[in-house]
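**Student:** Sharing a sequence plus its predicted fold:
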Amino acid sequence: MSEQVIGRFVKVLRGAELPVSPAETLDAVQVTALLGYQNREALKQGLSLVLAKSEHDKLAFDQCFDDFFRFDGMPPAASAAQSEQPSPSLLDRLRDMMPGQQGGAGAGASSALGQQLLADDSAQLSRQMAEAARNVGLDNIRVITQKGLYGRRIIQALGGEALDQEIIALDNSERRKDQRLAAQLRSARNQLREAVREYVADQFVLQAREQGRQLREQMLREANLRTLAEFRDVRQQVEKMARRLARKHGRRQRRARRGQLDGRRTTVMALKHGGVPASLVWRRRRIQKPKLMVICDVSSSVSAAARFLLMFLYAVNDVVPSVRSFAFASRFGEVTSLFNSMRSDQAINEVMDRYAGSGTDYGSMLRDFLDQCEADLDQRTTVIILGDARNNELPAEQHLLGHIGRRCRQVFWLNPESRGRWGSGDSVMPLYQPYCRDALPCSNLAGLERFVDRLLRDLTRG
Amino acid sequence: MKTRILSVAEVRDSFARQGYVCNDQIAMAVYLAAQLRKPVLVEGPPGVGKTELAKASAAFLEAPLIRLQCYEGLDEARALYEWKYGKQLLYTQLLREQFAGKLDGAGGLEEAMSRLGDLGDAFYSETFLEPRPLLQALRADESPVLLIDEVDKADQEFEAFLLELLSDYQISIPELGTVRARHEPLVFLTSNNSRELSDALKRRCLHLYIPYPDASLEQQIIAARVPEAPQALRKQLVDFVQKLRTLDLKKQPAISESIDWARALLLLHVESLEPALVDSTLNLLLKHEEDIRQVRDDLPSLLK
């Protein structure tokens, strides 16, 4: 009993993005066994200790706990045999739907469901409803349009068919008493449907959140960046992906390189032990803080990709604290200060307003960049260029890119177009490619994430 | 160590008697940790009494407290055990003749080697083992409270190394084999969240988050710690500190700082908070020059 309740509760928590492992679920079962269900507040505190493991998770946990145990009611601690206490809200709902029929005691109705409806045994009925819901697999409900289907299945499992037939039979009967009974049953049936509908809606909110979210995320990751800007929670998605990457790469600025002995310091340490090198000192190597320079084409055809790349890079700010960004379309300029003074999405909008345009000239962009920044390029600097390399038939001046490449550590090129289109029409991508450490297509969030992951791994390895 | 804890209330009341005033959530964590034999990971802003909690628990359980302070670069040698190299060398020097006697008359290298082998691991035995906090906790004669303080300051590797200890209360030492705990310790880990701890570590622990206390709890805490302070002053002081915490400061004042402040005010025989007085004692609450400057400007409105 307790295991089942906790199992379903854990499912709800996972739906709210709390990462609950099976081991923690077992802990939760132990906690409930220890604390019991009588004291709701104590149970909440106890479960919170084993199931929610960060400040943020605790808030989500509190919300879920309140929701879940409101719908589900507190199962009695006394005996398992007494299974599934219906929640008070459901009871009330069922009680409300049968006003003034207390005396009837199921007189006349022959179908089981009809008898119950008329007998006003709402406790029994709601228990059966919960059981029917389990039998038809309401836990598997995924999308909102399935609500009707599951509602019908539950009523069927409750014995709705027999009730329907009985109503039809009574309708056809000549006797007035039968017809009155049919009307009663019909109104009770409508109210039952209403109750089932609400029950299914409640369960949907609890159960289906996770699946729906996963589907949505999958879609966001794979949608083309150009269409993506129209979605609402893209920013959260990008931040979430970036957080994960930052956690993965943000750990160490320094690491001991086992295998390379620091002879000098080992000898010094050995003096303590009469010249015996009892403790060895390994050479450590400090990973230098990397510098990033990002040049984004913000002309209309590729601005969406620029928007998400910048969003990504400023979100992993913990790992690469020093990012300088440049934008160009018809003209070129540094936009770093915008990002320092406002939130990244506002800054991006501002950049688009100021620089968007058409008629990109990559050759003059490279020259402008060198004029402004040549002195700042060094072996810690990584330059990322994002653009489609469509140069409007102007000279590509690829030797300038070669010059940049020699002055800095590496150059990456991200192209929102797929590889097949590089070099077609006015694209000069093939001319630039030899001067880049790597050139990658990035048309969706998954591609961007892959690139940033690789970039961070490279930067933090030192 | 006390073996039976009857209820959450017992924990809370005992803590209160020691002057550690806490809410039910904290008492629940200690109760469950003792019942389920699981470590507790305590997180929260600095100065809310995370370390204090371990001390109070040790006093409550009548168990010895063993403390390991973590820092960057902490390794097994400092946390678990180390060989006493100096002593080993000294013994080698002093016993040189003994060895020579032992090897006298050995016919060739092989025999000498096997004779040396018979001496066993004389130099890698208990005599030369220097137990550090973790090994001390495992080998303690009664079940101790082990406090691993600021685990987020230690490296990722050290965190991974702790996993075996936390889940099975045992540790593997290459030269000695696996050391099991004689009596399972009650483990507290504290973290200031300077980096995200691994999921594996979190999974093995109960997770307790201690936020800054609300006004009434903070008043109780100050009443317990500085009982001489008059009731009216306490209330004024707590209200002021609570207001400070809503400001956007570099470092917010913690409970320990409000206690210090209360003590200072008591020493100055203050009956109620005056702007001039607050101004001159502000550095007890705020530890950054810019914070002090910011608060000083808003002082009249904050004291209203």
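**Tutor:** Cool, the structure landed. Numbers count the residues shown, from 1 in each chain, chains lettered A, B, ... in the order given.
**Student:** Surely residue B:249 is in contact with residue B:289?
**Tutor:** No. Between residue B:249 and residue B:289 there is no contact under C-beta atoms under 8 Å: 11.8 Å. C-betas here are computed from N, CA, C, even on glycine.
**Student:** Mark out where each domain of the chain begins and ends.
**Tutor:** Picking chain A for this. Domain segmentation of chain A under automatic domain parsing yields A:2-82, A:88-209, A:254-286, A:291-461.
**Student:** Let me rephrase: I mean chain B.
**Tutor:** If you go by automatic domain parsing, chain B breaks into B:8-78+B:133-209, B:81-128, B:215-295.
**Student:** Which residues outside stretch B:6-19 are in contact with it?
**Tutor:** With contacts defined as C-beta atoms under 8 Å, 6 or more residues apart in numbering or on different chains, stretch B:6-19 is touched by A:42, B:5, B:21-22, B:24, B:26-28, B:30-31, B:56, B:59-60, B:224-225.
**Student:** send the alpha carbons of that stretch over as PDB?
**Tutor:** Below are the C-alpha coordinates for stretch B:6-19, written out as PDB (Å, rounded to 0.1, in the frame of the first residue of the first chain):
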ATOM      1  CA  LEU B   6      11.900   8.500  20.800                       C
ATOM      2  CA  SER B   7      10.600  11.400  18.800                       C
ATOM      3  CA  VAL B   8      11.300  14.500  16.800                       C
ATOM      4  CA  ALA B   9      10.200  16.600  19.800                       C
ATOM      5  CA  GLU B  10      12.800  15.000  22.000                       C
ATOM      6  CA  VAL B  11      15.500  16.100  19.600                       C
ATOM      7  CA  ARG B  12      14.200  19.600  19.400                       C
ATOM      8  CA  ASP B  13      13.800  20.000  23.100                       C
ATOM      9  CA  SER B  14      17.200  18.700  23.900                       C
ATOM     10  CA  PHE B  15      18.700  21.000  21.300                       C
ATOM     11  CA  ALA B  16      16.800  23.900  22.800                       C
ATOM     12  CA  ARG B  17      18.200  23.100  26.300                       C
ATOM     13  CA  GLN B  18      21.700  23.400  24.800                       C
ATOM     14  CA  GLY B  19      20.900  26.800  23.300                       C
END
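**Student:** how about that stretch: buried residues?
**Tutor:** B:8, B:11, B:12, B:14, B:15 (16 or more other C-beta atoms under 10 Å in any protein chain shown).
**Student:** mind putting the domains of chain B in TSV, mean pLDDT included?
**Tutor:** Output for these, formatted as TSV (pLDDT from 0 to 100):
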stretch	mean pLDDT
domain B:8-78+B:133-209	89
domain B:81-128	78
domain B:215-295	88
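**Student:** closest to residue A:409 out of these?
**Tutor:** Of all the domains of chain B, domain B:8-78+B:133-209 sits nearest to residue A:409, with 25.8 Å by C-beta to C-beta.
**Student:** how far does the closest one sit from the chain's center?
**Tutor:** 7 Å (C-alpha atoms, centre = their mean, to the nearest Å).
**Student:** start to end distance for it?
**Tutor:** Terminal residues of domain B:8-78+B:133-209 are spaced 17 Å apart (C-alpha to C-alpha, to the nearest Å).
**Student:** Could you export the domains of chain A to a markdown table, including columns for distance to chain B, mean pLDDT and mean neighbour count?
**Tutor:** A markdown table is the format used below for the domains of chain A (distance: least, C-beta to the nearest C-beta, whole Å; pLDDT from 0 to 100; neighbours: other C-beta atoms under 10 Å in any protein chain shown):
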| stretch | distance to chain B | mean pLDDT | mean neighbour count |
| --- | --- | --- | --- |
| domain A:2-82 | 4 | 79 | 18 |
| domain A:88-209 | 22 | 74 | 17 |
| domain A:254-286 | 4 | 73 | 13 |
| domain A:291-461 | 10 | 85 | 18 |
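**Student:** who touches stretch A:320-329?
**Tutor:** A:289-299, A:306, A:310, A:313-314, A:317, A:332-336, A:339, A:351, A:354-360, A:365, A:368-369, A:373, A:376, A:456, A:459.
**Student:** among the domains of chain A, which is nearest residue B:233?
**Tutor:** Closest among the domains of chain A, using C-beta to C-beta: domain A:2-82, at 32.0 Å.
**Student:** mind listing the helices for the stretch 301-450 of chain A?
**Tutor:** For the stretch 301-450 of chain A, the helices defined by DSSP state H, counting those that start in this stretch occupy A:303-315, A:336-341, A:344-355, A:362-373, A:398-407, A:429-432, A:445-461.
**Student:** Which elements pack onto the first one?
**Tutor:** Using 3 or more C-beta pairs under 8 Å, 6 or more residues apart in numbering or on different chains; DSSP states H and E, the elements in contact with helix A:303-315 are helix A:225-228, helix A:234-249, strand A:291-297, strand A:322-328, helix A:344-355, strand A:381-386, helix A:445-461.
**Student:** Can you show me the CA trace of the longest one as PDB?
**Tutor:** Output in PDB follows, covering the C-alpha atoms of helix A:445-461 (Å, rounded to 0.1, in the frame of the first residue of the first chain):
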ATOM      1  CA  LEU A 445      19.700  23.500 -30.600                       C
ATOM      2  CA  ALA A 446      21.000  20.000 -30.500                       C
ATOM      3  CA  GLY A 447      23.800  21.000 -32.900                       C
ATOM      4  CA  LEU A 448      24.600  24.100 -30.900                       C
ATOM      5  CA  GLU A 449      24.700  22.100 -27.700                       C
ATOM      6  CA  ARG A 450      27.100  19.600 -29.300                       C
ATOM      7  CA  PHE A 451      29.400  22.400 -30.400                       C
ATOM      8  CA  VAL A 452      29.400  24.200 -27.000                       C
ATOM      9  CA  ASP A 453      30.000  20.900 -25.300                       C
ATOM     10  CA  ARG A 454      33.100  20.200 -27.400                       C
ATOM     11  CA  LEU A 455      34.300  23.800 -27.100                       C
ATOM     12  CA  LEU A 456      34.100  23.700 -23.300                       C
ATOM     13  CA  ARG A 457      35.800  20.300 -23.100                       C
ATOM     14  CA  ASP A 458      38.600  21.700 -25.300                       C
ATOM     15  CA  LEU A 459      38.900  24.900 -23.300                       C
ATOM     16  CA  THR A 460      39.000  23.400 -19.800                       C
ATOM     17  CA  ARG A 461      41.400  20.600 -20.700                       C
END
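**Student:** between it and helix A:234-249, how big is the angle?
**Tutor:** 30 degrees (axes from the mean of the first three to the mean of the last three C-alpha atoms, to 10 degrees).
**Student:** Same question for the lengthiest helix in chain B: list its buried residues.
**Tutor:** Ranked by residue count and defined by DSSP state H, the top helix of chain B is helix B:231-246. Residues of helix B:231-246 classed as buried by neighbour count (16+ other C-beta under 10 Å): B:233, B:234, B:236, B:237, B:238, B:239, B:240, B:241, B:242, B:243, B:244.
**Student:** Figure out the helix or strand that the closest residue to residue A:44 other than its chain neighbours lives in.
**Tutor:** Leaving aside its chain neighbours, residue A:44 sits nearest to residue A:65 (5.2 Å; criterion: C-beta to C-beta, 6 or more residues apart in numbering or on different chains). Residue A:65 is part of helix A:55-72, with elements assigned from DSSP states H and E.
**Student:** ok, the residue lying closest to residue B:218 once chain neighbours are set aside - contacts?
**Tutor:** What sits nearest to residue B:218 in space, not counting adjacent residues and going by C-beta to C-beta, 6+ apart, is residue B:238, at 4.9 Å. For residue B:238, the contacting residues are B:215, B:218, B:219, B:222, B:258, by C-beta under 8 Å, 6+ apart.
**Student:** ditto for residue B:240
**Tutor:** With C-beta under 8 Å, 6+ apart, residue B:240 has these contacts: B:273, B:278, B:302, B:303.
**Student:** So which of those residues sit within helices?
**Tutor:** B:278, B:302.
**Student:** So which of the contacts of residue B:240 wins on neighbours?
**Tutor:** residue B:278 (21 neighbours; other C-beta atoms under 10 Å in any protein chain shown).
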